[in-house]
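> The following comprises the amino acid sequence and a computationally predicted model.
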Amino acid sequence: MNLELSDDFCKRYDKYGPQFLSMFMKHIVCLSWVDVKSEPDGNGNRESDYAPSTFVVPSFVVSIKDMWFLVTAGHILKDLQSRLDSGRCISKSRLYAGFGSDPSSEPIPFNLGDTPQWYVYEDGLDYAVIPLRPAFVNPLVADGIVALNENHWKDYSQEDGEFYLLGFPTQTQDISITSSGERGNININFTCPLLPVFPLSDPPDVLKRDHERFYAKVPNGIMHDPSVKLTDIDGMSGGPIFVIKWIDDDNIEYWLLAVQSGWHQTTRILAACPILPLINRISDSIDKHLESTDQIYNLD
């Protein structure tokens with residue numbers, strides 16, 4: 001499939017892309033952490049002696065029955081657990097938000113290793129969910145984050161829609177580690193592009209799974225930053241895919257469609273997991289928990 005973008009689409013993307021990006025960014029949170037060796041090399045008084053690895057992961061916030069959750073791809077937390085099982089440990093973890101509203105927003109300390117979480121990564125199911133306590137919700141709200149709710153997945157339509165992926169591609173990340181005595185600093189810079197993607201029904205066999213997935217072609221080199229030509233979407237796993245529908249020349253509706261999961265670079269085709277099965281599973285789990293709580297406290 002050769003993807004040639006029409007002049008009309010490119011003009012519309014150039015005109016409205018920055019507005020769409022600003023609109024979507026209020027739902028996006030960067031989950032970042034550093035894991036290190038449990039036993040250092042050398043004297044162990046420098047950050048680098050612990051062979052740190054830094055991760056920058058896209059996630060987004062949904063609100064279900066008035067509870068907030070971070071959602072990302074399941075294979076991300078599965079890979080993290082494998083690293084921890086091998087003897088590494090989390091040194092620092094942070095939430096970054098408010099990219100568009102306040103560039104000076106401070107990262108939010110986030111105890112990822114101790115935070116309840118759930119993930120699945122099998123047969124095309126690739127979801128991860130982290131419940132957010134008020135101690136994390138409040139600073140996210142202060143940074144301008146707005147949770148996606150049922151209005152963003154109820155009655156959504158893919159017909160005549162435009163599809164966009166957001167995330168933090170590895171190509172745009174700049175990570176540096178500096179050490180000074182016993183103090184180590186890790187500086188992270190990253191970009192969140194708005195990538196148009198184009199649905200298709202016949203993906204390569206390597207991407208096909210037992211469960212339903214959304215497949216789309218990614219054009220080459222589309223970014224608002226002209227200094228970067230994006231050739232790979234590595235690092236965007238866990239990012240949301242939105243569908244936009246134009247109501248008229250000046251107004252749109254948008255819905256949350258899927259969580260980015262797989263990528264076949266040779267054909268530039270991605271695979272993503274539809275959001276509705278995950279939303280329904282979370283909602284059912286909340287109902288069951290509330291039902292069991294009611295039974296415990298029902299003294300009649």
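That came in fine, so what should we check first? Numbering: from 1, shown residues only.

> use CA for all of it now, contacts and neighbours both
Will do.

> For stretch 160-167, which outside residues touch it?
Outside of stretch 160-167, the residues within contact range by Cα atoms under 8 Å, 6 or more residues apart in numbering are 57-59, 192-199, 235-246, 260.

> What distance do you get for L290 to F168?
Distance, L290 to F168, by Cα to Cα, to the nearest Å: 36 Å.

> Neighbour count: these two, which is higher?
Each of L290 and F168 has its neighbours counted (other Cα atoms under 10 Å); F168 has more, 25 against 12.

> That one belongs to a helix, doesn't it?
No. F168 is assigned coil when assessed by DSSP: H, G, I helix; E, B strand; the rest coil, not a helix.

> check contacts around it.
V56, V57, P58, F190, T191, C192, P193, G235, M236, G239.

> Is the second one in contact with C30, as I believe?
Yes. Between V57 and C30 there is a contact at 5.7 Å, judged by Cα atoms under 8 Å.

> Tell me, what's the model's pLDDT at E106?
Here the pLDDT value assigned to E106 is 82.

> On the three-state scheme, it is what?
What three-state DSSP gives for E106 is coil.

> residues in contact with the nearest residue to S201 once chain neighbours are set aside?
Nearest residue to S201, sequence neighbours excluded (Cα to Cα, 6 or more residues apart in numbering): Y215, at 6.7 Å. If a contact means Cα under 8 Å, 6+ apart, then Y215 has P199, L200, S201, P203, I269, L270, A271, A272 as its contacts.

> now the second one: how far from Y215?
Right, L200. Separation of L200 from Y215 (Cα to Cα) stands at 6 Å.

> and the contacts of Y215, which of them are in strands?
P199, I269, L270, A271, A272 (DSSP state E).

> right, and the last one touches V259 too?
If I follow you right, that is A272. Yes. Using Cα under 8 Å, A272 is in contact with V259, at 5.2 Å.

> the more surrounded of the two?
Remark: of A272 and V259, V259 carries more neighbours, 32 against 28, as counted by other Cα under 10 Å.

> For beta bridges, what are the partners of the more buried one?
P240, C273 (DSSP bridges).

> re earlier: any idea which of the ones in strands among the contacts of Y215 is the one closest to D143?
Within the ones in strands among the contacts of Y215, proximity to D143 (Cα to Cα) peaks at A272, which comes in at 27.9 Å.
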